[in-house]
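A.B. asks: sequence-free structure coming up:
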Ligand code: SF4
């Protein structure tokens with residue numbers, strides 16, 4: 001299997017209940033030869049309708065954060081922990097994450113990035129579990145954002161999800177500061 005075959009599998013996947021309510025399952029996008037992979041939680045409603053990543057309100061903020069950090073979307077790979085829209089933007093359930101993360105595992109294997117940037121709580125918790133990093137209580141994950149950790153020859157860098165700025169615009173400067181560090185993580 002290669003990453004193109006993986007994308008085809010994601011597009012036709014019916015492995016969990018979310019396939020019934022989605023319009024499109026969303027594959028990762030970007031550069032397959034990059035050293036930097038960004039992992040968000042799941043597609044939003046507009047992404048579900050259009051079949052592309054980060055094109056809704058959060059996507060506009062995401063693009064602004066990247067642009068200000070001098071990161072080109074085509075130079076990185078961006079994907080989701082869960083590939084289908086979660087109705088009413090609810091949180092993913094444990095079994096949905098378990099089912100869908102098999103695709104993320106393959107993406108990480110194929111791309112083999114030096115840097116994994118996790119966007120928000122769910123992606124961060126998943127990657128911390130995968131790499132046996134010490135997981136704090138849920139209400140303390142916020143303390144991890146902007147800190148770099150090392151695991152199995154990779155740098156793990158949690159940041160806030162761009163959606164956080166939709167609800168707390170005053171946090172944009174702080175969050176931007178963390179995104180500004182991403183390119184500097186590369187050895
Ligand atoms: Fe398949 Fe993942 Fe979509 Fe569930 S969320 S149907 S596992 S692609």
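C.D. replies: Cool, the structure landed. Here the structure is a predicted model, which is why all the values come from computation and not from measurement.

A.B. asks: Which residue comes closest to residue 134 once chain neighbours are left out?
C.D. replies: residue 128 (7.6 Å; C-beta to C-beta, 6 or more residues apart in numbering). Where C-beta positions appear, they are placed from N, C-alpha and C, glycine not excepted.

A.B. asks: Could you check which helix or strand contains that neighbour?
C.D. replies: helix 121-130 (DSSP states H and E).

A.B. asks: what does residue 39 give?
C.D. replies: Short version: residue 39 belongs to strand 36-40, going by DSSP H and E.

A.B. asks: With residue 116 instead?
C.D. replies: Following DSSP H and E, one finds residue 116 within strand 115-119.

A.B. asks: Give me the contact list for that strand.
C.D. replies: 35-41, 108, 124, 126-127, 154-162, 182, 185-186 (C-beta atoms under 8 Å, 6 or more residues apart in numbering).

A.B. asks: Okay, now the sheet partners of that strand, with direction.
C.D. replies: strand 36-40 (parallel), strand 154-159 (parallel) (DSSP bridges).

A.B. asks: that's a helix at residue 92, yeah?
C.D. replies: No. The assignment for residue 92, made by DSSP: H, G, I helix; E, B strand; the rest coil, is coil rather than a helix.

A.B. asks: so it touches residue 122, yeah?
C.D. replies: Yes. Between residue 92 and residue 122 there is a contact at 6.1 Å, judged by C-beta atoms under 8 Å.
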